[in-house]
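Peer 1: I would like to see how this sequence folds:
(one chain, ligands or ions: 2)
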Amino acid sequence: MSFWWRPLLFILGIGFLAAILSNGRPAGSGWMLFAAGLLIYLAYHLRQLDRLSAWLSSNDRPPLSSQGVWGDAFYRLGKLLRERRGAQRKTAADLERMLEATRSLPDGVIILDQDNRIVWLNDAAQRLLGLSAQRDLGQFVLYLLRNSRFAEWLLTEDLARALTLESPTARRQTLSMQIVPLPRRQKMLVARDITEMTRVEAMRRDFVANVSHELRTPITVILGFLEAFEDMPDTPPGEFRKHIPLMREQSDRIRRLIDDLLALAKLESEPDTKDETVDMPALVRLLADEAETLSQGRHRISLELESRAGLIGNQRELYSALANLVTNAVRYTPEGGQIRVNWRTAENGGAHFSVIDTGDGIEAQHIPRLTERFYRVDRGRSRATGGTGLGLAIVKHVLQRHQARLKVSSVIGKGSTFTAQFPRERVISLPPRPE
Ligand SMILES: Nc1ncnc2c1ncn2[C@@H]1O[C@H](COP(=O)(O)OP(=O)(O)OP(=O)(O)O)[C@@H](O)[C@H]1O
Ligand SMILES: [Mg+2]
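Peer 2: Numbering: from 1, shown residues only. Ligands and ions are numbered 1, 2, ... in the order given. Alright, predicted model coming up:
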């Protein structure tokens, strides 16, 4: 409700009173009365303003009351302030609850400023990383967590890559660290205890490796006997002899599966490659020759050696990975197709090995899953060609160990290109070959 008309009525009232009282009195006495009335009125308002100013500057603001326009203004102001105080209290309570939850998270959380100084950390971060909220706030995190891998990882700010690290407080405790970007160039480091997960993963790896190892000898014996039976001219005739080739083929498949599982287990158990200088042009030539042998004239195979660069890496691992790409191209390209084996230097100083085929191609939804173990686009076809679905998983592992990436592009009905992209740090120039 608006009270603007009340002061107006009040002034008009004083004026009217002054006019009545000045009737018959000396000139000017009415106006003096009017002025005196206005003065009182002004003093009243100044007094209310003063009360408001004092009220605003005090901390504990008891409710202000007044009449008329001021009463209304005081009431509304008081209500506004009460609402704001309520909202502030709620925000503070929410914030405190959030902080409390983060503080007691089982994962370690550290907030860093743009210079990697610690702004805040929770209890788990103190426990897992041996830091202290009292001592270490404002400290440069790299001075406190002295580990070259951690430093390199933090400074490159690779958000996609989690870092696996041994806890500085407890040996045998494995941590996985992740960077989460925050506003104003701050970042959050999340450290998770993955000791149990690593233990289960190691158990799985050992189990697969042990079973594969144990199966290898019996299957070799069975295969040997089957081969011998097949070669014997006086093997019992009839049904038995008819099934020997199938038995051999299936046993051979089991042996290849075991070999691949063992290869994967070996790759997983050795943390780093044993590096040597790999003569890539020679290796690529060998792979193209092998493609010819495998194809047996069913495809046109071309070798494109555009670079003389070599690699720092493990010859045996690289051979097994790249041979899989070549074998796949031969396997999954129908007769009459073309397969190009290409080795070239990339613009960024790295080097690329590509196998380009004119096969059936792979639908886009399968491409991200090709490197999963046992993943095959067409199980029936892959099985018929002797595939186990472990080849590209091995390729991925080997390339990861060489800091290289596998890039797959494919167009249905046109063909596929599998490229192993090696980083510049792995590329070396080889001495010229004596012709
Ligand atoms: N060049 C290619 N063209 C079409 N499909 C391919 C090509 N390379 C791979 N694939 C598809 O990807 C799947 C996975 O390949 P991968 O090499 O991992 O297994 P595999 O060849 O079936 O068996 P392995 O290599 O273990 O003997 C294959 O089954 C096939 O469906
Ligand atoms: Mg394969």
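Peer 1: where in the stretch 301-435 of the chain is pLDDT low?
Peer 2: Judged by pLDDT under 70, the stretch 301-435 of the chain has its weakly predicted residues at 381-383, 434-435.
Peer 1: now swap in the stretch 151-300 of the chain and tell me
Peer 2: By pLDDT under 70, the low-scoring segments of the stretch 151-300 of the chain are 235-239.
Peer 1: number of nearby residues for the residue of it found nearest ligand 1?
Peer 2: Per C-beta to the nearest ligand atom, the residue of the stretch 151-300 of the chain with the smallest distance to ligand 1 is residue 260, at 5.5 Å. Where C-beta positions appear, they are placed from N, C-alpha and C, glycine not excepted. Counted with other C-beta atoms under 10 Å, the neighbours of residue 260 add up to 20.
Peer 1: which residues touch it?
Peer 2: The neighbourhood of residue 260, defined by C-beta atoms under 8 Å, 6 or more residues apart in numbering, consists of 388, 390-391, 394.
Peer 1: which element is it on?
Peer 2: Mapping residue 260 onto the secondary structure by DSSP states H and E places it in helix 239-269.
Peer 1: and ligand 2, is that helix touching that?
Peer 2: No - against ligand 2, helix 239-269 shows no contacts by C-beta under 5 Å from the ion, the least distance being 9.2 Å.
Peer 1: where along the stretch 51-200 of the chain do the helices fall?
Peer 2: Taking DSSP state H, counting those that start in this stretch as the criterion, the stretch 51-200 of the chain carries its helices at 68-103, 123-129, 133-136, 141-144, 148-156, 195-231.
Peer 1: let's have these in JSON lines, adding mean neighbour count and distance to residue 280.
Peer 2: Rendered in JSON lines, the data for the helices of the stretch 51-200 of the chain read as follows (neighbours: other C-beta atoms under 10 Å; distance: least, C-beta to C-beta, whole Å):
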{"stretch": "helix 68-103", "mean neighbour count": "12", "distance to residue 280": "50"}
{"stretch": "helix 123-129", "mean neighbour count": "20", "distance to residue 280": "42"}
{"stretch": "helix 133-136", "mean neighbour count": "12", "distance to residue 280": "48"}
{"stretch": "helix 141-144", "mean neighbour count": "15", "distance to residue 280": "37"}
{"stretch": "helix 148-156", "mean neighbour count": "13", "distance to residue 280": "27"}
{"stretch": "helix 195-231", "mean neighbour count": "13", "distance to residue 280": "30"}
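Peer 1: out of the ones you listed, nearest to residue 419?
Peer 2: Nearest of the helices of the stretch 51-200 of the chain to residue 419, taken as C-beta to C-beta: helix 148-156 at 23.8 Å.
Peer 1: what does that closest one contact?
Peer 2: When contacts are taken as C-beta under 8 Å, 6+ apart, the neighbours of helix 148-156 outside the stretch itself are 116, 141-142, 161, 163, 165, 177, 179, 189.
Peer 1: narrow those residues to just the buried residues.
Peer 2: When the contacts of helix 148-156 are checked for burial by 16 or more other C-beta atoms under 10 Å, the buried set is 116, 141, 163, 165, 177, 179, 189.
Peer 1: circling back: quick check, nearest of the contacts of residue 260 to ligand 2?
Peer 2: Looking at these and their distance to ligand 2, the nearest is residue 391, at 2.8 Å (C-beta to the ion).
Peer 1: and the contacts of residue 260, which of them are in helices?
Peer 2: Counting by DSSP state H, the members of those that fall within helices are 391, 394.
Peer 1: check the contacts of residue 260 one by one and keep those near ligand 2.
Peer 2: Filtering these for proximity to ligand 2 by C-beta under 5 Å from the ion leaves residue 391.
Peer 1: how about the contacts of residue 260 in CSV, adding neighbour count and distance to residue 343?
Peer 2: Below are those laid out as CSV (neighbours: other C-beta atoms under 10 Å; distance: C-beta to C-beta, whole Å):
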residue, neighbour count, distance to residue 343
388, 19, 27
390, 21, 25
391, 24, 20
394, 22, 20
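Peer 1: burial count for the closest residue to residue 190 other than its chain neighbours?
Peer 2: Setting aside the residues directly before and after it, residue 190 is nearest to residue 178 in space (C-beta to C-beta, 6 or more residues apart in numbering), at 4.7 Å. Taking other C-beta under 10 Å as the neighbour definition, residue 178 ends up with a count of 15.
Peer 1: repeat that for residue 418.
Peer 2: Summarising burial for residue 418: neighbours were counted as other C-beta under 10 Å, giving 24.
Peer 1: picking up where we left off before, now the element after the helix holding residue 260, going C-ward?
Peer 2: The element immediately downstream of helix 239-269 (helix or strand, assigned by DSSP H and E) is strand 276-278.
Peer 1: would you mark the buried spots in that next one?
Peer 2: In strand 276-278, counting by 16+ other C-beta under 10 Å, buried: residue 278.
Peer 1: could you number the chain from 32 rather than 1 from now on?
Peer 2: I'll keep to 32 as the first residue from here, and by that count the last item is strand 307-309.
Peer 1: and the closest residue to residue 253 other than its chain neighbours, what does it touch?
Peer 2: In this structure, residue 253 finds its nearest non-sequential neighbour in residue 282, 5.3 Å apart by C-beta to C-beta, 6+ apart. Taking C-beta under 8 Å, 6+ apart as the definition of contact, the neighbours of residue 282 are 250, 253-254, 257.
Peer 1: out of the residues you listed, flag the one nearest to ligand 2.
Peer 2: Checking these one by one against ligand 2 (C-beta to the ion), the nearest turns out to be residue 250, at 20.0 Å.
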